[in-house]
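>>> Quick one, what's the 3D model for this:
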Amino acid sequence: MEDELIKLMEQIVDNINSNDYSSFYLNGNKFHFIDKDRMIDFEAIIGNHNYYLKDNIEGNMYIATRKRIGDGVFIHHIIMQNKVESESLSFFSKDNMTGLIKTISKDEEETLICENPDCISRLGNTDQLLEYINEFFAYDEEDYDLYAEEEPGLYADNEEKLLQDLDDQEKTMLDIEEGTEFEYADDFISDSELYD
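Next up is the predicted model:
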């Protein structure tokens, strides 16, 4: 889905650069390209760390938002969907580290949800959320420093080995063990529920 949109955008850029197009509209951060002969109807809205891309022919849509809640700390939300399936990913980040809030994968047969309830319960309170995120990543920095002191350079480029050495309960929500039970649901969480 994402690859298809990237290929379409590359084709549109090539067409514009070669002055070979039927019609396009650009106004501020809104862009709409239509070429009926090539079966292209593409819309894009790009803001400050917010992106909306849609192929109106294939029905592929990509939305990405990023909200700053502290110094170097962000909440991200990505939605990809087409006529058959949808993927939604919400996560928090600090520097180059990430942690899961919620993922939702939906196709014609079922909806699969994996969530971090400790984080979700704090989404309504920025101070509590920042405190949780700082504590969530505190062990990463401490354990990394500990390994670096014991054997300098050994783990500098080996995050996978570092995560394997951590206690299973200390792993991030992104490291889901085989056999994890998931909750099934019918609907996606809305942007308003996630960011209000």
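>>> mind listing the strands for the chain?
For the chain, applying DSSP state E gives strands covering 23-27, 30-35, 40-46, 50-55, 60-70, 73-81, 86-94, 97-106, 111-115, 183-184.
>>> Where among these is average confidence lowest?
Sorting those by mean pLDDT places strand 183-184 lowest, at a mean of 34.
>>> Quick one: neighbours of the residue nearest to residue 30 when sequence neighbours are not counted, just the number.
Closest residue to residue 30 apart from its sequence neighbours, by CB to CB, 6 or more residues apart in numbering: residue 45 at 5.4 Å. Any C-beta I mention is one placed from the backbone N, CA and C, and that applies to glycine too. Close neighbours of residue 45, defined as other CB atoms under 10 Å, add up to 15.
>>> Residue 45: what's it in contact with?
Residue 45 is in contact with 29, 30, 31, 51, 52, counting by CB atoms under 8 Å, 6 or more residues apart in numbering.
>>> got it, and residue 57?
Per CB under 8 Å, 6+ apart, neighbours of residue 57: 39, 40, 41.
>>> Just to check, the last one is in contact with residue 58?
No - in this structure, residue 41 sits apart from residue 58 without contact. The criterion is CB atoms under 8 Å, and the distance is 9.4 Å.
>>> before we move on, the earlier item: select, from the contacts of residue 45, the two members most distant in space.
With CB to CB as the measure, no two of the contacts of residue 45 lie farther apart than 30 and 51, at 12.2 Å.
>>> Need the residues touching each of those two.
Counting by CB under 8 Å, 6+ apart, the residues touching both residue 30 and residue 51 are 44, 45.
>>> Can you tell me the number of residues neighbouring the closest residue to residue 89 other than its chain neighbours?
Nearest non-adjacent residue to residue 89, counting by CB to CB, 6+ apart: residue 78, 4.7 Å away. With neighbours defined by other CB under 10 Å, the count for residue 78 comes to 17.
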